[in-house]
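Visitor: one predicted model, sequence on top.
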Amino acid sequence: MFRVARPPRLRPRIRPTRSYASVSADPANLVTLVEVGPRDGLQNEKAAIPVDVKAELITRLAHAGAQVVEAGSFVSPKWVPQMAGTDSVLTSLPSLPPGTRLPVLVPNQKGLDSVFSLLDAHPHLRPAIEVSVFTAATDAFTRANLNCTVPESLQRLEPVIRSATDAGLRVRGYVSVVVACPYTGRVEAKRVRDVSETLASMGCYEISLGDTVGMGTPTTVGAMLEEVKKGVPVEKLAGHFHDTYGTAISNVLTALSHGIRTIDASVAGLGGCPYSPGATGNVATEDVLYALRDSPYHVAGTRSGGIDLHEMVEVGVWISEKLGRDVASRAGKAIQARRAWEESQKQKEGSKL
Ligand SMILES: CC(C)(COP(=O)([O-])OP(=O)([O-])OC[C@H]1O[C@@H](n2cnc3c(N)ncnc32)[C@H](O)[C@@H]1OP(=O)([O-])[O-])[C@@H](O)C(=O)NCCC(=O)NCCSC(=O)C[C@@](C)(O)CC(=O)[O-]
C-alpha cells in the first residue's frame, strides 16, 4: 500500500420477451449500473453542451430507471471545459425518482469546497449527492490527468476523502489505466491492487477499476481482478470498461463472473477520456442491459423491474441527436432499426386498407 420537469413518457414499441422482474431476484445477482454518460460521456465533447441539455439527460436517465447517475465534475474548467457549470446542472434538476444517487467528480479540496457550497445553498440535493475521487495506476497517466504523480494524488486525496466522509458524503474512488496506460503500455496488476487498497483504506466505499484505454480482454481483466481481490473485498469493486477494441461487453461479463456487481456504463456508448488519446466511450448501457437479459443477473433501478432497456434506447437516440452523433450502442442501433422496420410494415399494411 502507499503511505500516504419529468420528460414525456416514451412508449416502447418492442417489449423484451422476458422482463428483468421475472428473472430470479437472488440478491447475490443484483447488479448496479453506474450511469456515467452525463460525466464521462460528455466531458470529451468538442462543442459546448447547454446546461438544460445536461439536466434533461440526467432526468431522462433517472426516469428510465437509472439509480446512480454520475452528474458532472467539479474539476478545473481549464482542464475539462465541458464540465464547467455542473453546479447549475444540479440546481436546475427537477425532482428525480426517490433513491436516485448523483455522484460528482472531485479532484482536490477546491472541488470538494464547491460541492459543500452547493449543498449549503441547496440542501435538498444533499441526500442524492456523492463524491467520486480519481487517480490511476501509473504516474504518466496521473501527470496528464491531474498534474501530479500517483503518490502525490493519493496524498492530495486523503484529506479530501476524510473531509467528505466526515460531512456525511459517500466517496467512490476511481483507479484509471488498470490494464494498460496510453503512455507506458501494459500495467502491473500489483500497482492496481496497491492504489485500490490505499483508496479503500482512506474511506472510499467503492473502487471503480477503469480500463481507460479499452485495451483489456477477458484474460487480462480477469488476471487484474484476481490480484486486486487479494487486497480489496470484491463487494467494494466496480468495473469501468471502455470499448475501444470492442471487448467491453466481454469484460463486463468477466467482471461479473469474478463476483463484481457494480458496472459503470454510458448511455449510447458516449464518451472517452480527454487524457487517453483515441479511447472511445464506455460500454453502452443499452448493451449491458441487453446482454444481461435472460441471465441470472438482474439490474437494480428506481423502477420496479430495474432499468427499462427500451426507454434507455430512446434516451440514447435523443442525446446522440442532440450531440450530432451516431448511437454507438449496438443494441440501441439494432432496436432502433427494428422499430423503423416495424413502422414501415405498419404503414404498408395501412396503405393496403
Ligand atoms: C487537479 C487539477 C485541478 C490540477 O491542475 P493544476 O493546474 O496543477 O492545478 P492548480 O491548483 O494549479 O489550478 C489551476 C487552475 O485551476 C483552478 N482549479 C483547481 N482546482 C479546481 C477545481 N476543483 N475546480 C475549479 N477550478 C479549479 C485553480 O483555481 C487555478 O485557476 P487559476 O488560478 O489559474 O485561474 C487539474 O489537473 C484537473 O482539474 N484535472 C481534472 C482532469 C479531469 O477531470 N479528467 C477527466 C476525469 S478522469 C476520467 O475520465 C477517468 C475515469 C474517472 O472516467 C475512469 C477511467 O476511465 O479510467
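Guide: Thanks, I have the structure now.
Visitor: so the residue in the stretch 201-350 of the chain positioned nearest to the ligand is in which element?
Guide: Residue of the stretch 201-350 of the chain nearest the ligand, by CB to the nearest ligand atom: G210 (2.6 Å). Just so you know, the C-beta spots here come from the backbone N, C-alpha and C atoms, and that holds for glycine as well. G210 belongs to strand 206-211 when elements are defined using DSSP states H and E.
Visitor: which strands or helices does that strand pack on?
Guide: When contacts are defined as 3 or more CB pairs under 8 Å, 6 or more residues apart in numbering; DSSP states H and E, strand 206-211 sits against strand 171-176, helix 189-202, helix 218-229, strand 237-241, strand 262-265.
Visitor: report the rounded mean pLDDT for it.
Guide: What strand 206-211 shows for mean pLDDT is 98.
Visitor: so can I have JSON lines of the helices and strands packed on strand 206-211 showing mean pLDDT and distance to D26?
Guide: What follows is the helices and strands packed on strand 206-211, written out as JSON lines (pLDDT from 0 to 100; distance: least, CB to CB, whole Å):
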{"stretch": "strand 171-176", "mean pLDDT": "98", "distance to D26": "25"}
{"stretch": "helix 189-202", "mean pLDDT": "98", "distance to D26": "26"}
{"stretch": "helix 218-229", "mean pLDDT": "98", "distance to D26": "21"}
{"stretch": "strand 237-241", "mean pLDDT": "98", "distance to D26": "19"}
{"stretch": "strand 262-265", "mean pLDDT": "98", "distance to D26": "16"}
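Visitor: OK, contacts around N251?
Guide: Neighbouring residues of N251 by CB atoms under 8 Å, 6 or more residues apart in numbering: D211, G216, T217, P218, V221, G239, F241, V283.
Visitor: any chance of a PyMOL selection covering the buried ones in those?
Guide: Burial among these is assessed by 16 or more other CB atoms under 10 Å; the matching PyMOL selection reads:
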select buried, resi 211+216+218+221+239+241+283
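Visitor: surely the residue of the stretch 201-350 of the chain closest to the ligand and R172 touch.
Guide: No: shown here, G210 and R172 do not form a contact pair, counting by CB atoms under 8 Å, at 11.8 Å.
Visitor: neighbours of T138, just the number please.
Guide: 24 (other CB atoms under 10 Å).
Visitor: looking at the chain, which strand is longest?
Guide: For the chain, the strand with the greatest residue count under DSSP state E is strand 129-136.
Visitor: residues contacting that strand, please?
Guide: Residues outside strand 129-136 that contact it (CB under 8 Å, 6+ apart) are 70, 90, 101-107, 112, 115, 118-119, 142, 145-146, 150, 153-154, 157, 160-161, 164, 169-177, 181, 195, 199, 204, 208, 210, 212.
Visitor: tell me where the model's unsure across the stretch 251-353 of the chain.
Guide: Within the stretch 251-353 of the chain, the set of residues satisfying pLDDT under 70 comprises 272-273, 353.
Visitor: residue ranges of the helices in it, please?
Guide: Ranges of helices within the stretch 251-353 of the chain are 285-291, 309-323, 330-352, based on DSSP state H, counting those that start in this stretch.
Visitor: tell me which of those is the most buried.
Guide: Looking across the helices of the stretch 251-353 of the chain with neighbours counted as mean count of other CB atoms under 10 Å, the highest average goes to helix 285-291: a mean of 27.
Visitor: what residues does this structure have near the ligand?
Guide: 40, 43, 73-76, 78-80, 105, 107-108, 110-111, 134, 145-147, 174, 176, 210, 212, 240, 273-274 (CB under 6 Å from any ligand atom).
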